[in-house]
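Engineer: Requesting a structural model of the entry that follows:
(chains A and B)
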2 protein chains.
Amino acid sequence: MPSDALAYVREHNVRFLDELKSLLRIPSVSTLPEHAGDCRKAAEFLAAELRRIGMENVRLIETGGHPLVYADWLHAEGKPTMLAYGHYDVQPPDPLDEWLSPPFEPTERNGNIYARGAVDDKGQVYMHVKAFEALLATTGKLPVNVRVIIEGEEEVGGEGIANFVASNPPELKADFALVSDTEMFAPDLPTLCVGLRGMIYTELEVRGAKTDLHSGVYGGAAPNPFFALALILSQLKDENGHILIPGFYDGIIPPSAEELKAWESLPFDEENYRIHEVGASELVGEPGYSVLERTWARPTLEVHGMPGGFIGAGAKTVIPARAVAKVSMRLVPGMTPQRSYDLYQKYVKHLIPAGVEVETRLIHSGEACLIPVDNPYIQAATHALYEVWGKETVFIRSGGSIPIVGDFDRHLGLPCVMMGFGLPDDNLHAPNEKFNLKNFFLGIEALVRFFEEAGKIEPASKG
Amino acid sequence: MPSDALAYVREHNVRFLDELKSLLRIPSVSTLPEHAGDCRKAAEFLAAELRRIGMENVRLIETGGHPLVYADWLHAEGKPTMLAYGHYDVQPPDPLDEWLSPPFEPTERNGNIYARGAVDDKGQVYMHVKAFEALLATTGKLPVNVRVIIEGEEEVGGEGIANFVASNPPELKADFALVSDTEMFAPDLPTLCVGLRGMIYTELEVRGAKTDLHSGVYGGAAPNPFFALALILSQLKDENGHILIPGFYDGIIPPSAEELKAWESLPFDEENYRIHEVGASELVGEPGYSVLERTWARPTLEVHGMPGGFIGAGAKTVIPARAVAKVSMRLVPGMTPQRSYDLYQKYVKHLIPAGVEVETRLIHSGEACLIPVDNPYIQAATHALYEVWGKETVFIRSGGSIPIVGDFDRHLGLPCVMMGFGLPDDNLHAPNEKFNLKNFFLGIEALVRFFEEAGKIEPASKG
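Structural biologist: Just a heads-up that it's a prediction; the model follows:
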């Protein structure tokens, strides 16, 4: 009976949150080598908790990078098998001085918990664990067979899990996947995400002189790598946000008329979004496309940082020998990372100014994906969400990238239910990341109900 | 008799170098607040040494920033008074990993001493001190009246000394100035510098969203400050190095035909310069001007660093809320810092892309200057140099900026003898800065001879 499990969730809310705080205190920043030990610590924390609540075969699976956490519970005979995915790694917390409370000291304010990883994705991973706990503790079983896989490299490209998934191991045999790493379109609006952008993350390194030079003595004769980068970047995208790489848009599959119509009816207030989410004087991007189309269904090209030269306070009159631009592109259905990178690299070669050399590097990439909604697991999810929030589910896409979702589809043939509980103002990847506590608690209840609903489905493959 | 003093210089070479090493070990990086104590330590080191050798009225003069060092010796009745200028502050040493020996551990290699500040300008300041010592120790007097003023903010704009000079204090009353902060055009080629570029050092700060944003979720709608900077920078200068700020070149006074002809006869090998000094595949800059014209007599615009966003290893998918470009421009005779900055600021306002705000800041500035060579002090310097190197002096300009030289002229009416002993490959402002030891030792002798020659000149203003 889910009602016992739901009562258990409500009864143990305080402890659940305390446990989450312990997990959030571990600075498992996957991109920074000095935090490799913390990543492992987060993995071990989750493994210990999965073991404690009664999951079986709990273990860390080693990869070239940070380990995967695996667990299962496979005693729901004749029921579908769910692969529950999440990640324990987090983005770097900088710029540190913009956090109101320290990123790895979880702090409650205004009904939210603030910490790096609060919503992306430790909080949501922990909801899965607590939903399993509630059911196991009150009924001694789960309504579906469950396999849990939690990775530690989502924020750095997820190479370890991608290789593991590509090998199609028995540990991942399932009927559907559950991913809670997305958001609700608005507070109290049940939401399933059915599309993600892909991405390529690159570095452009420009080298000019053999060493840093005095800009007075050599200015006017020596090439300046930053200026070369400015010239190149300014030719990658126009002022309207249209990417200028030849052929880049070829083959893009636009959203269907039906999907576009559904997006139009979403409660989206562009002015509110501009002021309260973005906080800029004006939104940018390709004319002729709505904000949702631009961020969900159109590619984009962004510069994330430009290391090199002098970045301290004050003045240093140097022409640096080298400078780098970290440039990523988001991709949409119909584009592939490899083709997009090839076009980009080829185009950049034509843009190299005199006197410098340019090296293009692909740091990581992931495919875009689009989930068909006509499957019973998506329907089961909408039922569960309705029971908790009393509203019909909206189907959205996300502009972000969760490459593993495409891998689950391609390699394992799993439809993916992206049931996420973040909110649009959660400051993902930014200072003051937060997670709404109401969503954390109600989301656990929705997951319990979803597992129950999914348990009623006849699996395509028995066992 | 200078011969005694010259013998003294040769006899004490080893000690002179050891003392210089002690000065070079002090990391007096003026732009970094954490080195303020080191700047004062360098000032006190020089004051103590000036006192020890017999200079008088030695003291630190406080400014808003790092202190000035003052000393005098005013007993050469009826002789001219020289104002000897130098600076004890140095550029930051980064990038640290490109130094073959640590920047503040002076190391001898191949007849050079390697350290930050070796040639710019501690080594050359110390040559003045040792020339005074040689004369005072062997003759008990100096052939000219001497005032010494050494600043600690040359690398950050020299505001303290500029204010002091502008107040035209009695401490700076003199007939001519000596500045040793330039270089010889080639090894063993006696050189006087008679022109300097001016400069404005600025920051362009671009602000977009109110906080850092996830580039997946917001890419396509949120403005990207780095991309805005790329667009702006790419419109400040064209690929040929021509600055695009309207009116920027108006009023420039080109070098005379005579000066250009003299430059053409200088031993300058462009290919050697490209390979061994710059080390780039190609030189850049305005077509139709020689390298010497481009670096000495044409303005330039350079980008020194672009703080903001994510600059660590790996990937962070962030659209930063703000990004900065450190941009400086070198100015030539006929241009003023204020007018150049105004034109730049006005032009940048027209280039601001949608969705971002741009703040332009002037960090510091200095006037260009051109020294008339028809004065007896310049002639005395050429005689002294001839006696040491046996060659006629060449007159060059420098692309760098020593704002104080213009201030000496404007506020104190002092002609300036820029007798410098650096070499073109000394890596000023770059890793592995060095000073040629032969130039250090012979330069002290040339200074002793110069003071003797200057002592023969009838000063315009008696005492």
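Engineer: Flag the shaky bits of chain A, pLDDT-wise.
Structural biologist: A:1-2, A:461-463 (pLDDT under 70).
Engineer: can you map out the helices along it?
Structural biologist: Read by DSSP state H, chain A holds these helices, from start to end of the chain: A:2-11, A:13-24, A:36-53, A:122-139, A:159-166, A:215-218, A:225-234, A:257-264, A:270-272, A:291-296, A:337-351, A:376-389, A:403-412, A:437-454.
Engineer: Get me the contact residues on the stretch 101-250 of chain A for chain B.
Structural biologist: Applying the criterion C-beta under 8 Å from any C-beta of the partner chain, the portion of the stretch 101-250 of chain A that neighbours chain B consists of A:155-157, A:197, A:199, A:201, A:208-224, A:226-227, A:229-231, A:233-235, A:237, A:239, A:241. Any C-beta I mention is one placed from the backbone N, CA and C, and that applies to glycine too.
Engineer: Now the phi/psi pair for A:Gly399, please.
Structural biologist: Backbone geometry at A:Gly399, expressed as degrees, to the nearest 10, gives phi -80, psi -20.
Engineer: Not counting its neighbours along the chain, what's nearest it?
Structural biologist: In space, and not counting its chain neighbours, A:Gly399 is closest to A:Thr295: 4.0 Å by C-beta to C-beta, 6 or more residues apart in numbering or on different chains.
Engineer: wait, doesn't that neighbour sit right on B:His214?
Structural biologist: No: the pair formed by A:Thr295 and B:His214 falls short of the contact definition of C-beta atoms under 8 Å, at 10.2 Å.
Engineer: More neighbours: the two, which one.
Structural biologist: Neighbour comparison, A:Thr295 and B:His214: the larger count goes to A:Thr295, with 26 against 22 (by other C-beta atoms under 10 Å in any protein chain shown).
Engineer: For the more buried one, give me its contacts.
Structural biologist: For A:Thr295, the residues meeting the contact criterion (C-beta atoms under 8 Å, 6 or more residues apart in numbering or on different chains) are A:Gly285, A:Gly399, B:Val217, B:Tyr218, B:Gly219, B:Gly220, B:Ala221.
Engineer: try 7 Å this time
Structural biologist: By C-beta atoms under 7 Å, 6 or more residues apart in numbering or on different chains, the contact set of A:Thr295 is A:Gly399, B:Val217, B:Tyr218, B:Gly219, B:Gly220, B:Ala221.
Engineer: A:Phe16 too?
Structural biologist: Neighbour list for A:Phe16: A:Lys130 [criterion: C-beta under 7 Å, 6+ apart].
Engineer: before we move on, the earlier item: and the helices of chain A, which is most packed in?
Structural biologist: With neighbours defined as mean count of other C-beta atoms under 10 Å in any protein chain shown, the helices of chain A peak in mean count at helix A:215-218, which reaches a mean of 28.
Engineer: What is that helix packed up against?
Structural biologist: Here helix A:215-218 is seen to pack against strand A:318-319 when contacts are counted using 3 or more C-beta pairs under 7 Å, 6 or more residues apart in numbering or on different chains; DSSP states H and E.
Engineer: rerun at 10 Å
Structural biologist: strand A:318-319, strand B:198-207, helix B:291-296, strand B:300-309, strand B:322-331 (3 or more C-beta pairs under 10 Å, 6 or more residues apart in numbering or on different chains; DSSP states H and E).
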